[in-house]
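Enquirer: Got a sequence here, can you build the structure:
(4 chains)
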Number of protein chains: 2
Amino acid sequence: MRDVARLAGVSQPTVSRVLNETTTAISISEETRQKVFDAVRELQYRPNMTARSLRTQETKMIALMIADISNSFYHPIVRVIQDVARQHDYDVIIADSDHRQDNERHFIEAVTRRPVDGVIMVPIHLTDEEIDHFIAQTRTPVVVIGVQIKHPQVDVVWADDEQATYEAVRWLLTERGYAQAGFVGVPDDFPPGPRRWRGYLRAMEEAGLPVEPDFVLFDGDFTLESGRRCARKVLAQERWAPVYFAVNDLMAIGFILEMQDAGYTVPDDVAVMGFDDIPEASIIRPHLTTVAQLTRELGDKLATTLLDRIEGRSEGPKRVLEIACKLMPRQSA
Amino acid sequence: MRDVARLAGVSQPTVSRVLNETTTAISISEETRQKVFDAVRELQYRPNMTARSLRTQETKMIALMIADISNSFYHPIVRVIQDVARQHDYDVIIADSDHRQDNERHFIEAVTRRPVDGVIMVPIHLTDEEIDHFIAQTRTPVVVIGVQIKHPQVDVVWADDEQATYEAVRWLLTERGYAQAGFVGVPDDFPPGPRRWRGYLRAMEEAGLPVEPDFVLFDGDFTLESGRRCARKVLAQERWAPVYFAVNDLMAIGFILEMQDAGYTVPDDVAVMGFDDIPEASIIRPHLTTVAQLTRELGDKLATTLLDRIEGRSEGPKRVLEIACKLMPRQSA
DNA sequence: TGGTACCATGCATACGTATGCATTAAACCA
DNA sequence: TGGTTTAATGCATACGTATGCATGGTACCA
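Expert: Predicted coordinates for the structure are as follows:
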């Protein structure tokens, strides 16, 4: 910038002012403005964002932590967030926690040492205390996906997946006519597993059906491989449910593949339903019956909610935004 | 840091020296070292990486640009790079170009304004000039995936996919006994399409087969949807090849799905082979015959090659590293 | 013509850190 | 005891930018 100033025959602050004309209402003569622009072009000058960040205390970056880059559910979300952020002149840095607690911790550590203007994340293992502490220390706006956080300023965008699961399981039992339904889930501390579990429970209760301990599994972690594991566990049992509701598509798909590898037919020997409607749901045979989440809308709401906070358009207590779910009847159940 | 210094009763530079003990050979008394550590713990102090970057001119970040987050081919690569980088105390920021030229340009722009210590990328549309210019301006080490770059310092990691394609097509023709083979490709300026095209050509030539214009398509862009488009084009024709080699799995899968949607059977009505061996290749029915690339090894080599450059262990002209390919015979061809 | 207002720009400084150099005190040697 | 080395620390500064304040100049008005 000093070189630009020298070439344009003005001072460094003047160059700064020309380049950030929007910021200050200060006036610059058209002549020097031109000289500066010419010099910038000539020298191919690009402002150093590191220095700018140090001075302004804002980085024009937002950090996004997803739980599993292999889960297609997140892909449209990533895309939309990148697009919206770009429109507002922010860069997005993406991190993948792989559902691992140490990775989540590392992410938080990274964004406190290297400040960003906002954070969007899927905190699976992070505690409320850790999040509180992060916010207290950095005052960074945070928006989360699909998880309720106690902190009074953390916005959340989610689907009402308890209700959606309830409706899906009810639909399996009443419309599709299954006499019983199993549940392929995750441990209690894996949001949003417990919500979907409650939806399942509600549907079972309403249908007057007992929850058979043999038919419910909690060994998953949202990955395809864990769906296979659950299927192997079922295969080792004597009794199966006629249909299994899996907490997400990836596990449903793993479950189906393992069943098929073992020589069974879906949905005749065992039916399977998923949640998310990722592209693979329409690749696998039979096509996966599932619940779609409007992920583009989800991404859009995440990004705009965060930017509203960052740019001061939203100051109050936390907002909870809901996105719609839609039953996608296909062939697997 | 000033607060830490005050609390520890020492000067700010002393705190800095204690925290970066590795850097300088300067000696600090054990007593003050302890006082500083205590103060750091008490104040929960975390160094500000922005300021540190400004001072040291290094950011401890490497930037990774992939071409399509929906292409599972990249997922293990991302994971391994994150892991290796972490071991060396670097953070990785991921960007997704979505094969779009403007996104690639934006990425380059972003990493010149906000310097990083190294770049790993899949430059599809970027010209040699743009890359030269970036390096000249920032002196940032660059490693690319699967593309030859003219710049004498840009390392490249790739598979010998021309040879692998040649062997795959030859295998289709000789071992599998197909009398002809089609090609589902991408335009000339989409690396690594042309290399795979040359492999196909070589196999056809060696087999003494003519390349039928009706059997070769170049309308793809590596996405599943573009595979469907190619299939629709084939469906509209009178003559088909008995087997099609697609430049990647995603296109092969799109091709198969569209064929199946139109009522045809794979591999009986038309056989399809892919390239990459992404997880979806083992989800689709029939399972996709394809060529596996050792993506974890690819990611590892990318990361270590880049870190070698960054940390000065490698100074010379560009290195070209090759990873192995492996034929994966399954059911689709 | 002198005073006031305002436009355009420069000067000085701060953001949080790392590091060359200077300084002090202690230790050692002759 | 005086001088020289060494260990431990502080002082001053720079990285590249943004901004409050001061300043010079021009135009306007009475």
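Enquirer: per-residue confidence for A:G118?
Expert: The per-residue pLDDT reported for A:G118 equals 97.
Enquirer: burial measure for it, as a count.
Expert: Number of residues near A:G118 (other C-beta atoms under 10 Å in any protein chain shown) recorded here: 25. Any C-beta I mention is one placed from the backbone N, CA and C, and that applies to glycine too.
Enquirer: And the one 5 residues further on, by the same measure?
Expert: If you count neighbours by other C-beta under 10 Å, A:P123 ends up with 24.
Enquirer: For A:S16, which residues are in contact?
Expert: Contact analysis of A:S16 by C-beta atoms under 8 Å, 6 or more residues apart in numbering or on different chains lists A:M1.
Enquirer: Helices along the stretch 151-300 of chain A, start to end?
Expert: If you assign secondary structure with DSSP state H, counting those that start in this stretch, the helices in the stretch 151-300 of chain A sit at A:161-174, A:193-206, A:224-235, A:249-261, A:295-310.
Enquirer: How about stretch A:80-87, which residues are buried there?
Expert: Using 16 or more other C-beta atoms under 10 Å in any protein chain shown as the test for burial, stretch A:80-87 gives A:80-86.
Enquirer: and those residues, which two are the farthest apart?
Expert: A:V80 and A:R86 (10.6 Å; C-beta to C-beta).
Enquirer: Dump the helix or strand hosting A:A63 to PDB, restricted to CA.
Expert: Applying DSSP states H and E as the criterion places A:A63 in strand A:61-66. Extracted in PDB, the C-alpha atoms of strand A:61-66 (Å, rounded to 0.1, in the frame of the first residue of the first chain):
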ATOM      1  CA  MET A  61     -14.500 -14.900   7.300                       C
ATOM      2  CA  ILE A  62     -17.100 -17.200   8.600                       C
ATOM      3  CA  ALA A  63     -16.200 -20.700   9.800                       C
ATOM      4  CA  LEU A  64     -18.400 -23.700   9.100                       C
ATOM      5  CA  MET A  65     -18.000 -27.000  10.800                       C
ATOM      6  CA  ILE A  66     -19.900 -30.000   9.400                       C
END
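Enquirer: Which strands and helices lie in contact with that strand?
Expert: Packed against strand A:61-66 by the contact rule (3 or more C-beta pairs under 8 Å, 6 or more residues apart in numbering or on different chains; DSSP states H and E) you find helix A:74-87, strand A:91-96, helix A:101-113, strand A:118-121.
Enquirer: follow-up on the earlier one: just send the buried residues of stretch A:80-87 back as JSON lines, with pLDDT too.
Expert: Formatted as JSON lines, the entries for these read as follows, by pLDDT from 0 to 100:
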{"residue": "A:V80", "pLDDT": "97"}
{"residue": "A:I81", "pLDDT": "98"}
{"residue": "A:Q82", "pLDDT": "95"}
{"residue": "A:D83", "pLDDT": "95"}
{"residue": "A:V84", "pLDDT": "97"}
{"residue": "A:A85", "pLDDT": "96"}
{"residue": "A:R86", "pLDDT": "94"}
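Enquirer: Against chain B, which of those residues make the cut? List them.
Expert: If you filter the buried residues of stretch A:80-87 for contact with chain B, counting by C-beta under 8 Å from any C-beta of the partner chain, you are left with A:82, A:86.
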